[in-house]
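1. Please work out how this folds:
(one chain, ligands or ions: 1)
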Amino acid sequence: MELREDLTPFEAVNYFFHKAAAIDELSDAAVAVLTGTYRELRVQVPVRRDDGSLAVHVGYRVQHNGARGPYKGGVRFHPSADIEEVRALASLMTWKTALVDVPFGGAKGGVQVDPSALSTTELERLSRRYFGQIAHIIGPNRDIPAPDMNTNAQVMSWFMDEYGRRSGHTTQIVTGKPLALGGSEGREAATGRGVVQVMDKAVATLQMGAPRDLTVAIQGFGNVGSWAARLAEEKGYRVVAVSDVWGAISHTEGLDVGALLGHVAESGSVVDFAGSEPMEPGDLLTADVDILVPAAIGEVITHHNVADVRASLIVEAANNPVTPVADAELTSRGVTIVPDILANAGGVTVSYYEWVQNNQELSWDEADVNARLERKLGRAFDTCWSFYQAEDAAVSMREAAFALAVKRVVEAASLRGYL
Ligand code: NAD
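-> I've put the predicted structure just below:
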């Protein structure tokens, strides 16, 4: 597949897939199946506004591949959630679940909406209507949604309730629920925890030095970014710059993340945090730091800014944050990229644990969940690293991760008899 700057998000994921397909020597038929999606549903989501008017949104649920188990993937509420983005995120879930070896396939959902413009009651009506519209293709052994950008445990509660009204009480229908409704201990922090675990493993493997001597910049301070910041600080890293949709801040000695979390809880943003200096948001990605953690949206490191990126390690907490053109340039410069399908897989791993606990109607304590998460991600990192080394670094970490994941999906699909 040709390397171009204007690939759609789904084409970009398929660009990486094609490299893996070449390494794994896949047949043309397998490539044809896996570069497409199994099922795509587009739904109209009409929502009554509080003022009595009707707003009409578009929603999607895309199921990419279910060879290894029920479809699994988050739901995003975002103005730019279009079909190509949802397809890309669904396929990334297929590769992510295979790489960390949880028995799920890949799916994703999205509604094109700016949720910050909605009241809580409007958000509830939107969530229920969307879930009702996709209810016929989901199920606890069929497709299990979860939170993603701008959706959270409250939205999952409304989803579960809406499904329960039709099909009876079914906790396993979504993950990322609040504890009171069958959520798992450790789920909220899981993605950020996984990001910091693989970052730490990469730092040790690459012999980058002690955490206290390493600086980190994090784009995005939502669920993933804020937990990553908190846990990175706990391990001794210096988190020197963070940003959110409203702006960016920095402090060369390292931000006090605990105090920053308090500031965000009060003000709703990282901006104007006492003792920090304001920063141009775009400059965060090119800041003079050792480690860059994009934890907000996709396609933020592109041909426009890649030449200025100075970090030597990039840990992809967000999905699809580096375009293929930028990936090629960074790789040729010797920058190590821990790819999204490994770096942010902590979330789906603990979602899987939540689903297992719901199926068994029991709950594990947080230490147990975190220990299982650490073992699973540690194993996935080591497997990728060994593959990378066995290929004499002729492949990147991303190519190693995709090649391993694709091989597992192809094996399952072949055993089932449809490849
Ligand atoms: P979130 O909605 O909780 O937070 C998103 C954060 O990004 C917010 O701080 C927001 O202000 C910021 N942001 C948005 N646009 C920005 C921009 N242009 N520049 C700077 N900051 C911006 O979402 P989240 O759950 O933390 O997810 C973040 C990323 O991680 C997404 O790419 C998501 O797909 C990925 N991810 C999340 C999970 C999970 O478990 N939540 C799992 C895997 C991957």
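
2. and residue 41, what does it touch?
-> Going by C-beta atoms under 8 Å, 6 or more residues apart in numbering, residue 41 touches 60-62, 134, 137. Bear in mind the C-beta positions are built from the backbone N, C-alpha and C, glycine included.

3. Longest helix in the protein, please.
-> Ordering each helix of the chain by length in residues (DSSP state H) puts helix 366-390 first.

4. So the residue in the chain that the ligand sits nearest to versus residue 261, what's the distance?
-> Proximity of the chain to the ligand (C-beta to the nearest ligand atom) peaks at residue 222, 1.7 Å away. Using C-beta to C-beta, to the nearest Å, residue 222 is found at 12 Å from residue 261.

5. tell me which parts of the stretch 301-419 of the chain are close to the ligand?
-> 317-319, 344, 347 (C-beta under 6 Å from any ligand atom).

6. from those, which two are the most distant?
-> 318 and 347 (11.7 Å; C-beta to C-beta).

7. Which one of these two is surrounded by more residues?
-> In this view residue 318 and residue 347 are compared by other C-beta atoms under 10 Å, and residue 347 has more residues nearby, 28 against 23.

8. Residue 190 is in contact with the more buried one, correct?
-> Yes: counting by C-beta atoms under 8 Å, residue 347 touches residue 190, with 5.2 Å between them.

9. coming back round to it: which one of the contacts of residue 41 sits closest to residue 206?
-> Taking C-beta to C-beta as the measure, residue 206 lies nearest residue 62 of the contacts of residue 41, at 35.5 Å.

10. Does the nearest residue to that closest one once chain neighbours are set aside belong to a helix, a strand or coil?
-> Take residue 62 and drop its neighbours on the chain: the residue closest to it by C-beta to C-beta, 6 or more residues apart in numbering is residue 90, 4.2 Å away. Using DSSP: H, G, I helix; E, B strand; the rest coil, the structure places residue 90 in helix.

11. Residue 90 reaches residue 36, doesn't it?
-> No: with contact defined as C-beta under 8 Å, residue 90 does not count as touching residue 36 (10.9 Å).

12. Could you check which of these two has the larger neighbour count?
-> Between residue 90 and residue 36, counted using other C-beta under 10 Å, the more crowded position is residue 90 (31 against 14).

13. quick one: contacts for the more buried one?
-> Each residue near residue 90 by C-beta under 8 Å, 6+ apart is listed here: 37, 62-64, 73, 106-108.

14. can you give me the helices for the stretch 251-400 of the chain?
-> 257-267, 281-285, 324-332, 340-343, 346-360, 366-390, 397-416 (DSSP state H, counting those that start in this stretch).

15. Turn those helices into JSON lines, including distance to residue 211 and mean pLDDT.
-> Listed next are these as JSON lines, based on distance: least, C-beta to C-beta, whole Å; pLDDT from 0 to 100:
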{"stretch": "helix 257-267", "distance to residue 211": "13", "mean pLDDT": "98"}
{"stretch": "helix 281-285", "distance to residue 211": "20", "mean pLDDT": "97"}
{"stretch": "helix 324-332", "distance to residue 211": "22", "mean pLDDT": "96"}
{"stretch": "helix 340-343", "distance to residue 211": "17", "mean pLDDT": "98"}
{"stretch": "helix 346-360", "distance to residue 211": "19", "mean pLDDT": "97"}
{"stretch": "helix 366-390", "distance to residue 211": "17", "mean pLDDT": "95"}
{"stretch": "helix 397-416", "distance to residue 211": "20", "mean pLDDT": "97"}
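
16. Noted, bye for now.
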